[in-house]
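1. could you work out the structure for the sequence below:
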Amino acid sequence: MMAGAFCLLLCRLFPAVAERVFARGVFRLLSAMFGTLTQYLPFSFAELLVVAALPAAAVLLAWAVRRPAVRARLLRGGVWCVSIAFTLYLFMHGLQYARRPLAEQMGLTVSGSSSVERLSALTAFFAEKAAAARTACQEDAVGCMRLPDTVGDVLKNGGEGYARLAQRYPFLNGTVHRAKRVLLSRPWSYTGITGMYFPFTAEANVNVDVPPDEMLITVTHELAHTRGFAHEDECNFLGILACVNHPQAEWQYAGWLAAYQYAADALYAADAAAWREVAALCSDGMRRDLARRAAYWAQFEGAVQELSTEVNHAFIQANGDRDGVARYGKVTALLMAYYADGV
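-> From the prediction side, this is the model:
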């Protein structure tokens, strides 16, 4: 644990070390090892570990209560396990918070603010792209977008957009190309979580109960974590780029729709009247999909979701990111910089 704490301090003091030694060195080596072992499993090994840990912990606790002589050994073993887990977590995820900003690696100039006119133009650009991509999407019986393949095939194909992106940005190459289905997806929705990267198995776990357009963008977001990126705004941004670079129309639509939502939220906060003008560009298909998403999440609102958000906020802050969950919304600045010449 002391070694891990030293590496964490070193990376926070010297971002170049975090980038060259850990993000592009140690992490890639470990990710290749764990990812190769787990990505071909047809189930989430992470979910299996988490579910199995609960009864295992209960058995160990009962054993310790009935046999006081083993308490010391269990305590020592627990300390060793926590120490190893902490160090592995740092190498597989935690140290990535200190690496060079994604914008710097991509040569983007990110501005902290933008005019309403510029933001309005960006939002309109995304709305038009989403509407155009929507026309090529398959629909279900109620006129909402449906997945282009089975859930299993979708999870296998999530890395295709990254394969194209990596031709321009080689640092986006990775060994993990398949996301994992979470069997307990429906109850998981009560937490408001659509996906989670599990660093100990290098798995991108996805809630497959959510609406199709949201599931697709979640797949590419979680795969961004498997490529060594920890900050949520950067993974949101990479997830969008991976979707719009995917060869299938449904993935492209999911990416453009996500980009529109982030930009529209920022525009609404800046000028509600301008937002209403741009929102008129949304197609009927887009409106049906957004209404379905709102109706889906309305089922799960409550204390569990609020608690989950607070825990996630605290977790992100504990990794040195003071913005916490607010970091998710900063993707608009990256989109503005990337599409500076496109609107």
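
2. hey, let's count contacts and neighbours off CA atoms from now on
-> Will do.

3. span of stretch 152-166 from start to end?
-> End-to-end distance of stretch 152-166: 24 Å, with CA to CA, to the nearest Å as the criterion.

4. name the residues that touch it?
-> 147-148, 172-173, 176-181, 216, 219-220, 223, 241-247 (CA atoms under 8 Å, 6 or more residues apart in numbering).

5. just the buried residues of that stretch, please?
-> Using 16 or more other CA atoms under 10 Å as the test for burial, stretch 152-166 gives 154-165.

6. tabulate those (a markdown table), appending pLDDT.
-> Converted to a markdown table, the buried residues of stretch 152-166 look like this (pLDDT from 0 to 100):
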| residue | pLDDT |
| --- | --- |
| Val154 | 96 |
| Leu155 | 96 |
| Lys156 | 93 |
| Asn157 | 93 |
| Gly158 | 93 |
| Gly159 | 94 |
| Glu160 | 96 |
| Gly161 | 97 |
| Tyr162 | 97 |
| Ala163 | 95 |
| Arg164 | 96 |
| Leu165 | 96 |
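
7. CSV please, covering those residues and showing secondary structure.
-> Formatted as CSV, the buried residues of stretch 152-166 follow (DSSP: H, G, I helix; E, B strand; the rest coil):
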residue, secondary structure
Val154, helix
Leu155, helix
Lys156, helix
Asn157, helix
Gly158, coil
Gly159, coil
Glu160, helix
Gly161, helix
Tyr162, helix
Ala163, helix
Arg164, helix
Leu165, helix
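
8. could you dump these into a markdown table with distance to Gln138 added?
-> Shown next, in a markdown table, are the buried residues of stretch 152-166 (distance: CA to CA, whole Å):
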| residue | distance to Gln138 |
| --- | --- |
| Val154 | 14 |
| Leu155 | 18 |
| Lys156 | 19 |
| Asn157 | 17 |
| Gly158 | 18 |
| Gly159 | 21 |
| Glu160 | 19 |
| Gly161 | 19 |
| Tyr162 | 23 |
| Ala163 | 24 |
| Arg164 | 23 |
| Leu165 | 25 |
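
9. nearest to Ala127, of those residues?
-> Nearest to Ala127 among those, counting by CA to CA, is Gly161 at 20.6 Å.

10. give me the buried entries from the contacts of stretch 152-166.
-> Buried, going by 16+ other CA under 10 Å: 147-148, 172-173, 176-181, 216, 219-220, 223, 241-246, out of the contacts of stretch 152-166.

11. so of the residues you listed, which ones are in helices?
-> Counted as lying in helices by DSSP state H, out of the buried ones among the contacts of stretch 152-166, are 216, 219-220, 223, 241-244.

12. widest-spaced pair of those residues?
-> Leu223 and Val244, at 14.7 Å, using CA to CA across these.

13. after the helix or strand of the chain with the lowest mean pLDDT, next one along is what?
-> The helix or strand of the chain with the poorest confidence is helix 303-318; it has a mean of 65 (mean pLDDT, DSSP states H and E). Once helix 303-318 ends, the next helix or strand along the chain (criterion: DSSP states H and E) is helix 331-338.

14. tell me the mean pLDDT over that following helix?
-> The pLDDT scores in helix 331-338 average 94.

15. and what of stretch 45-56?
-> Averaged across stretch 45-56, the pLDDT comes to 88.

16. contacts for it, please.
-> 38, 182, 198, 200-201, 203, 205.

17. that concludes my questions; thank you for your assistance.
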